[in-house]
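[1] When you get a sec, could you give me coordinates for this:
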Amino acid sequence: MDKLKALQYFLAAAQTGSLSAAARQQGVTLQAVAKLVGALEAQLGATLFQRGSRGLTLTADGAQYAEACAPLLAQLQAADDGLRQARQRPQGTLVVGGTPFFLQHCIVPVLPAFHASYPDLTLDLRGVLHLDEAAARDCDLLVLHGWFEAGDWVRRELPLIPQVTVATPTYWQRHGMPRHPRDLTGHNCLSYRNPYGKLLDLWRYRQVGAQGEVIEPVVVRGWLHSNHRDHLVELALADCGVLRIGPPTVQTALDSGRLVPALLDWELMDAPPLAIYFKPEQRRTLRLRVFADFVAARCDELLQWTKGQRQSGIDGRPAWHRGTGRRASSWLTHG
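    You can find the predicted model right below:
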């Protein structure tokens with residue numbers, strides 16, 4: 001008796017509730033399934049199924065055996081798939097959509113290294129801001145910032161990159177570096193408008209000390225709002241204001257001293273989560289898996305650089321995100 005096939009047929013019959021359905025699922029004859037399931041029962045000395053007019057029902061012995069065998073068979077299948085895929089090279093084209101600012105500053109610079117490892121794979125990059133926009137449907141994989149409901153997409157959480165408050169040395173010299181978050185009310189703060197159309201003018205800071213946790217919400221003001229972070233970075237680099245930003249996206253400016261962080265003894269709250277999205281049917285696609293793993297490894301690298309902490313994002317969405325106002329700060333007055 002082929003024990004492995006017998007187990008496969010037994011579990012298929014347990015799942016489908018009939019030998020004929022199990023045969024169709026496995027692509028074999030009914031006689032082949034019935035013969036091996038019967039041989040398995042004989043070898044075990046146990047009745048695994050109750051056979052009736054409405055199909056098969058697992059006996060107590062059968063249920064116990066199925067519960068023990070299912071994960072073992074899944075492990076074996078995973079080992080087979082892993083070895084098979086390790087000997088393959090991903091090919092074809094992978095359509096990748098993502099938050100343009102993140103792709104440009106965090107992923108594109110390291111794509112030459114990815115290509116060197118997978119020279120037969122072509123990447124088609126597309127700027128996508130929102131999971132529900134039409135362009136997202138044409139993508140095999142998405143890398144997005146934001147509190148999106150996954151819907152029929154599979155969501156893979158990535159490390160949450162903390163944000164910092166920055167401006168140029170010239171700006172700080174002219175206007176003074178803030179010592180407390182409330183000092184930002186006297187500064188020109190460059191605010192981002194998110195993909196939902198909400199102006200993020202509420203900057204919340206947290207500090208934990210001997211007196212416990214302190215949360216300081218600040219409604220910031222400034223003469224420029226934009227839904228493109230590049231606009232805000234450009235103005236900040238031109239000595240025009242204060243910006244909240246993820247350090248990896250302005251790493252060169254921070255390393256060179258063109259941007260200088262402030263309020264480092266305070267944690268900026270409400271950084272948008274980052275996640276990979278893909279369709280369930282794409283889960284086993286080798287080209288998708290290698291790129292998703294590459295992005296995840298890159299985010300881990302960025303997280304180490306910022307010395308942040310891994311957090312879950314979608315369940316930690318701030319209260320202002322759920323409000324209907326066009327400004328995050330409207331939550332303070334309307335709850």
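
[2] alpha carbons only for contacts and neighbour counts from here, please
    Will do.

[3] Could you report the separation of the residue nearest to the spatial centre of the chain from Thr99?
    Central residue of the chain (Cα atoms, centre = their mean): Ala275, 1.9 Å from the mean position. Relative to Thr99, Ala275 is positioned 11 Å away (Cα to Cα, to the nearest Å).

[4] thinking again about what came up before, measure the residue nearest to the centre of the chain to His187 for me?
    From Ala275 to His187 the distance is 32 Å (Cα to Cα).

[5] Next, the closest residue to Gly62 other than its chain neighbours: phi, psi?
    Nearest residue to Gly62, sequence neighbours excluded (Cα to Cα, 6 or more residues apart in numbering): Leu48, at 4.0 Å. Taking degrees, to the nearest 10, you get phi -90, psi -30 for the backbone angles of Leu48.

[6] mind checking how far Leu48 is from Met177?
    Leu48 sits at a distance of 74 Å from Met177 (criterion: Cα to Cα).

[7] Which one's more surrounded, the two?
    Legend: neighbour count by other Cα atoms under 10 Å for Leu48 and Met177, higher for Leu48 (25 against 19).

[8] Give me the pLDDT value at the more buried one.
    Leu48 is assigned a predicted lDDT (pLDDT) of 88.

[9] From Leu48, how far off is the spatially closest residue to His105 that is not a sequence neighbour?
    Using Cα to Cα, 6+ apart and skipping the chain neighbours, the partner closest in space to His105 is Thr249 (5.2 Å). Distance of Thr249 to Leu48, given as Cα to Cα: 59 Å.

[10] Cys240 too?
    75 Å.

[11] Also Val220?
    68 Å.

[12] And for Pro181?
    Distance from Pro181 to Leu48, by Cα to Cα: 68 Å.

[13] Same check on Asp140?
    42 Å.

[14] How about Asp81?
    Taking Cα to Cα, one finds Asp81 at 29 Å from Leu48.

[15] Then Val28?
    Val28 is 21 Å from Leu48, by Cα to Cα.

[16] Repeat that for Met1.
    From Met1 across to Leu48, the span is 17 Å (Cα to Cα).

[17] same thing with Ile245?
    Distance of Ile245 to Leu48, given as Cα to Cα: 60 Å.

[18] Next, the buried residues of stretch 50-64.
    Along stretch 50-64, these residues count as buried under the neighbour rule (16 or more other Cα atoms under 10 Å): Leu56, Thr57, Leu58, Gly62.

[19] Can I get the helix or strand harbouring the second one in PDB? Just the C-alpha atoms.
    Assigning secondary structure by DSSP states H and E places Thr57 in strand 55-58. Coordinates of the C-alpha atoms in strand 55-58 are reproduced here as PDB (Å, rounded to 0.1, in the frame of the first residue of the first chain):
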ATOM      1  CA  GLY A  55     -22.100  10.200   2.200                       C
ATOM      2  CA  LEU A  56     -19.300   9.700   4.700                       C
ATOM      3  CA  THR A  57     -19.000  10.900   8.300                       C
ATOM      4  CA  LEU A  58     -15.800  10.600  10.300                       C
END
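
[20] That strand pairs with which strands, parallel or anti?
    Under the criterion DSSP bridges, strand 55-58 sits next to strand 49-52 (antiparallel) in its sheet.

[21] Identify all contacting residues around the strand it pairs with.
    With contact meaning Cα atoms under 8 Å, 6 or more residues apart in numbering, strand 49-52 is reached by Leu56, Thr57, Leu58, Thr59, Gly62.
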